[in-house]
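1. Sequence and predicted model, in that order:
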Amino acid sequence: MEKLVCKNITFKYSEKSKREIVKNFSLSFNSGEIYLITGFSGCGKSTLAYILAGLYPEHKGVLVEGDIILDGKEIEKYSTQDRAKKIGMMFQNTDTQFCMESVKEEVIFTLENINYPVEEMDKKVDEVLEKCGILYLKDREISTLSGGEKQKVALATILALESEIIILDEPFANVDIFSAQEIIDILLELNEKKETTLIIIDHRLSLWKKVNYNLITLDRGCKISDENLNIYLEDREISERKRYTENEIGDNIFEIKDLELGYGKNVLAEKLSFEIPKGKITSIIGKSGAGKSSLLNLLVGIVKYKRGSILFEGREFKKLKDRELLQEIGIVFQNPQNQFITYKVIDELLFTLNRVYKNQSEKNIERAENLLREFNLYEYKNFSPYSLSQGQQRKLAVLSMLCGNQKVLLCDEPTYGQDNKTSREIMEFLSKKSKEGLSIILVSHDINLVVEYSDCIYEFKDKEMRRVEYI
């Protein structure tokens, strides 16, 4: 039975815009089936998800033509409350989804929006958090969670709604492979027991190999493509084991000894001791919530450490001024929107270039345009960074940091939300910069890219950092 029907949808972000993000899109989604939507970064997948969920054009953009029919009724005719019972959506950037400070408050807020009985709320909160394996996070502030933990909280809020359709936009972007499988198992159980319709946007097709799904491959403008693009989109599996030795590593740029890592009363590690080689790509892997992102924030000076020692090129880290750190260490955040400071794509690069290459404004424009061409962002040079897709924002964030000529670049999930082709473009660019002398510290759950491009790998496990010899 048809559950959700799209009829000739054309959508753009403003009346004056010439660019149609979704053009002439028509498709039916049947009750109780699973749909996997994939396509190159920037083709409009996330925008389509917002349209299917009824969030666009109610909150943003213009539906130029077309209709969305939910259970035989135009979607805009549903109240927000009734629509939530029909459709729930998990955003790619979970930071834009949360409204409250703590995990418990967030789930309660969700339940309040559907008039859930007050006397049953506490029981429901515990039920959905336990289902997602995060009951222990119940009283934690959301701002202190890792990216992977936030995604599990977002999933818990969706489960609380008990929606008949669940739309998930890159649900595994910030989680490890084990957590991804846990999420899939939860979704499959919902699909089997409650006949929940699942619409999932994902690039990691290998995670769904054992699932019976309908594959929808999209090209630019959300045009349904008949071409076999999977060879470019799907993540390739590791073909052979690779050995990482300490030979030929050379000098270290960071030397960490007996470092305590944590926030508040939550200690993630007490005596971390390891080295980061100079001019190499060092990857840090580990389960969601282990402390990988917290470590990067510490190594860039955002978070201060109380115990232990960090030497940066032989200098004690605590004695370096913030200005020195800014000039020598850059970071690409897990959420790229946290680092944008201008209103044009090209200005994001020029802000950094003009600081590095002073009194070279015309040359800097040329440099910025060439970089945007190399990353296939040139046509968006006068767009707002916030109007780009999540994948395009990620590419821009990487570029804006690479313009700075720092000695070290910290990258927190630089390829999340990217198709395989674009991920490799980013990694090839980082590899090129590494060969030119840039020291790169990479946090990633994409084990395939980690194996292929890393010179050195550490695993964050059981509050310890262990050097990986084989993968």
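-> Received the coordinates, thanks.
2. element containing the closest residue to residue 313 other than its chain neighbours, please.
-> Residue nearest to residue 313 in three dimensions, not counting chain neighbours: residue 253, with 6.0 Å by Cβ to Cβ, 6 or more residues apart in numbering. All C-beta spots, glycine's among them, are computed from the backbone N, C-alpha and C. Taking DSSP states H and E as the criterion, residue 253 maps to strand 252-263.
3. Return the residues in contact with residue 429.
-> Under the criterion of Cβ atoms under 8 Å, 6 or more residues apart in numbering, the neighbours of residue 429 are 374, 375, 398, 402.
4. swap the cut-off to 10 Å and go again
-> Going by Cβ atoms under 10 Å, 6 or more residues apart in numbering, residue 429 touches 371, 374, 375, 395, 398, 399, 402, 414.
5. try residue 197
-> 3-4, 29-35, 86-87, 163-167, 190-191.
6. Now go through those and say which are in helices.
-> Among those, DSSP state H puts 86, 190, 191 in helices.
7. now these in TSV, with neighbour count, distance to residue 365 and pLDDT?
-> Converted to TSV, those look like this (neighbours: other Cβ atoms under 10 Å; distance: Cβ to Cβ, whole Å; pLDDT from 0 to 100):
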residue	neighbour count	distance to residue 365	pLDDT
86	20	49	94
190	19	51	92
191	19	51	94
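8. export those to CSV and tack on distance to residue 428?
-> As requested, those are exported to CSV (distance: Cβ to Cβ, whole Å):
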residue, distance to residue 428
86, 43
190, 39
191, 38
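9. From those, pick the one nearest residue 345.
-> residue 86 (36.4 Å; Cβ to Cβ).
10. Could you find the closest non-adjacent residue to the closest one?
-> residue 164 (5.4 Å).
11. I'd guessed the one you found sits against residue 82; true?
-> No - if you go by Cβ atoms under 10 Å, residue 164 and residue 82 don't touch, sitting 11.2 Å apart.
12. shared neighbours of those two, anything?
-> With Cβ under 10 Å, 6+ apart as the test, residue 164 and residue 82 both reach residue 70.
13. more crowded one of the two?
-> Set side by side, residue 164 and residue 82 show more neighbours around residue 164, with 19 against 12, by other Cβ atoms under 10 Å.
14. Quick check: that one vs residue 70, distance?
-> Note on residue 164: its distance to residue 70, by Cβ to Cβ, to the nearest Å, is 9 Å.
15. Now for the two: what residues contact both?
-> Counting by Cβ under 10 Å, 6+ apart, the residues touching both residue 164 and residue 70 are 3, 4, 86, 87.
16. okay if I get those as a markdown table plus distance to residue 117?
-> Supplementary listing: the shared contacts of residue 164 and residue 70 in a markdown table, determined by distance: Cβ to Cβ, whole Å:
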| residue | distance to residue 117 |
| --- | --- |
| 3 | 27 |
| 4 | 28 |
| 86 | 20 |
| 87 | 22 |
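17. one step back: tell me what the strand holding residue 253 is packed against?
-> strand 266-277, helix 292-299, strand 309-312, strand 439-443, strand 464-467 (3 or more Cβ pairs under 10 Å, 6 or more residues apart in numbering; DSSP states H and E).
18. Generate a markdown table for those, with distance to residue 349, mean pLDDT and mean neighbour count as supplementary columns.
-> Shown next, in a markdown table, are the helices and strands packed on strand 252-263 (distance: least, Cβ to Cβ, whole Å; pLDDT from 0 to 100; neighbours: other Cβ atoms under 10 Å):
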| stretch | distance to residue 349 | mean pLDDT | mean neighbour count |
| --- | --- | --- | --- |
| strand 266-277 | 27 | 89 | 17 |
| helix 292-299 | 22 | 91 | 23 |
| strand 309-312 | 26 | 94 | 18 |
| strand 439-443 | 19 | 96 | 25 |
| strand 464-467 | 34 | 90 | 16 |
